[in-house]
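[1] need the 3D shape of this:
(chains A and B)
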Number of protein chains: 2
Amino acid sequence: MQSSRLAQQIQFIVEIDKLKRVLRQTLLMDGTRQENSAEHSWHLAMMAIVLAEYAPSPAIDVLHVIKMLLVHDLVEIDAGDTFCYDVQGNQNKAVREAQAAARLFGLLPKEQGAELLALWEEFEAQETAAAKFAAALDRLQPLLHNQQTRGGTWRIHGITRNQVQRRVGCVEEGAPTLWPFVQQIIEDCVVAGYLKPQ
Amino acid sequence: MQSSRLAQQIQFIVEIDKLKRVLRQTLLMDGTRQENSAEHSWHLAMMAIVLAEYAPSPAIDVLHVIKMLLVHDLVEIDAGDTFCYDVQGNQNKAVREAQAAARLFGLLPKEQGAELLALWEEFEAQETAAAKFAAALDRLQPLLHNQQTRGGTWRIHGITRNQVQRRVGCVEEGAPTLWPFVQQIIEDCVVAGYLKPQ
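    Predicted structure coming up:
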């Protein structure tokens, strides 16, 4: 009844349900719990739709960006979410995530798995305008969460302005017209005491 | 620093974070908790990517389907998730959701709000091939969840095969080549005792 191709696709769809259980450091905007990576990916895809006009190139392919954002965190199913300010955890992150990508995308029919793997690799490589725009949204989103939760994760971990500046630096190239807005959020959060000045 | 256009867009992005707190009846595939509508929408968008080849028309626009799936549950922020087998709750669902759509999409700049509202209305109207395919995925996904959780929500609410058949009936038109697979899942679930035979 079920072709082996469909069976592979369904197996992948069942497997990725696990992303809903991968918790990020970010809190929901009402502060009630940690965000998971599946709902985070949905939020980013919505941001790509709403903020497409701020992409660095007017010729950007929104479908491509959305697909990239929907798959960019799937590797966390095996590799876990690595907190961006965790120096040690980030040392072997690339290796852990590459292994996860091979396993997860390997569940799919060959050409489909290759397509999604290529999207993930493009995001990681940060060389194309689409990948840079996707990463800019991925940086802006937790900034909004931390602003809404009055410092949320920043306060818990004692994060400083300099750390956040380095983290969001890629927005300047990935979504240049959003850069002044990002700078203003950081400034406002320092003034409000949500973020350590240094 | 921030244009009123960008301010509106950010306000919308902040507002829709609330979808992460709208709980559905469906359990995660490991049965640990109820699924929320944001992660559900992510899962459906992933299914649209992976299962695009089963759309009824080869000319289907995948970006359009994905956008529709990403926004289709936003109205639940105000209207709540109405369990599909709740007869009473479904009586005034359309009115509640239309009011929610007007408020939520009204947060955006006019032409953007109109675009997303049109996507939601298209999904609700179930007249286009894209909307029918999107709905087919929206029916298939909880079927997979209920199979994986050995009857999950069906057992909790004593749902019967006939009820599920009516619920998933739209798959036959929305994704015809997936219809035999859907029938097989239902048959398997009845045999396994996950679903009441009638």
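
[2] and the residue nearest in space to the middle of chain A, what is it in contact with?
    Geometric centre of chain A, nearest residue: residue A:138, 4.3 Å, by Cα atoms, centre = their mean. For residue A:138, the contact set (Cβ atoms under 8 Å, 6 or more residues apart in numbering or on different chains) comprises A:44, A:69, A:72. Using the backbone N, CA and C atoms, a C-beta is placed for each residue, glycine as well.

[3] try 10 Å
    Residue A:138 is in contact with A:40-41, A:44, A:47, A:68-69, A:72-73, A:84, A:123, A:168, A:170-171, A:174, counting by Cβ atoms under 10 Å, 6 or more residues apart in numbering or on different chains.

[4] ok, now residue A:172?
    A:132, A:136, A:178, A:179, A:180, A:182, A:183.

[5] next one: residue A:50
    So residue A:50 contacts A:137, B:8, B:9, B:10, B:12, B:13, B:16, B:108, B:109, B:112, B:115, B:116 (Cβ under 10 Å, 6+ apart).

[6] does the first one touch residue A:174 like I think?
    Yes: using Cβ atoms under 10 Å as the test, residue A:137 is close enough to residue A:174 to be in contact (8.0 Å).

[7] helices of chain A, start to end?
    A:4-15, A:37-50, A:62-71, A:76-79, A:87-91, A:93-105, A:110-125, A:129-148, A:152-157, A:161-168, A:171-174, A:179-192 (DSSP state H).

[8] could I get the ones you listed as TSV with mean pLDDT?
    Listed next are these as TSV, based on pLDDT from 0 to 100:
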stretch	mean pLDDT
helix A:4-15	97
helix A:37-50	98
helix A:62-71	98
helix A:76-79	96
helix A:87-91	83
helix A:93-105	95
helix A:110-125	98
helix A:129-148	98
helix A:152-157	94
helix A:161-168	96
helix A:171-174	97
helix A:179-192	97
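
[9] hey, which of the ones you listed is tucked in deepest?
    Scoring the helices of chain A by mean neighbour count under mean count of other Cβ atoms under 10 Å in any protein chain shown gives helix A:37-50 as the most buried, with a mean of 26.

[10] compute the inter-axis angle for that one and helix B:62-71.
    120 degrees (axes from the mean of the first three to the mean of the last three Cα atoms, to 10 degrees).

[11] I'd like to know how far residue A:182 sits from residue B:70.
    Using Cβ to Cβ, to the nearest Å, residue A:182 is found at 24 Å from residue B:70.

[12] pLDDT averaged over the lengthiest strand in chain A - what is it?
    Longest strand in chain A by number of residues (criterion: DSSP state E): strand A:23-27. Mean per-residue pLDDT for strand A:23-27: 96.

[13] partner strands of it and their direction?
    If you go by DSSP bridges, strand A:23-27 pairs up with strand A:34-36 (antiparallel).

[14] which residues sit against the partner strand?
    Contacts of strand A:34-36 (Cβ under 10 Å, 6+ apart): A:19-29, A:43, A:73, A:76, A:81, A:141-142, A:145, A:152-153, B:17, B:20, B:36, B:38-39, B:42.

[15] identify each buried residue in it, please.
    Within strand A:34-36, the residues that qualify as buried are A:35, A:36, counting by 16 or more other Cβ atoms under 10 Å in any protein chain shown.
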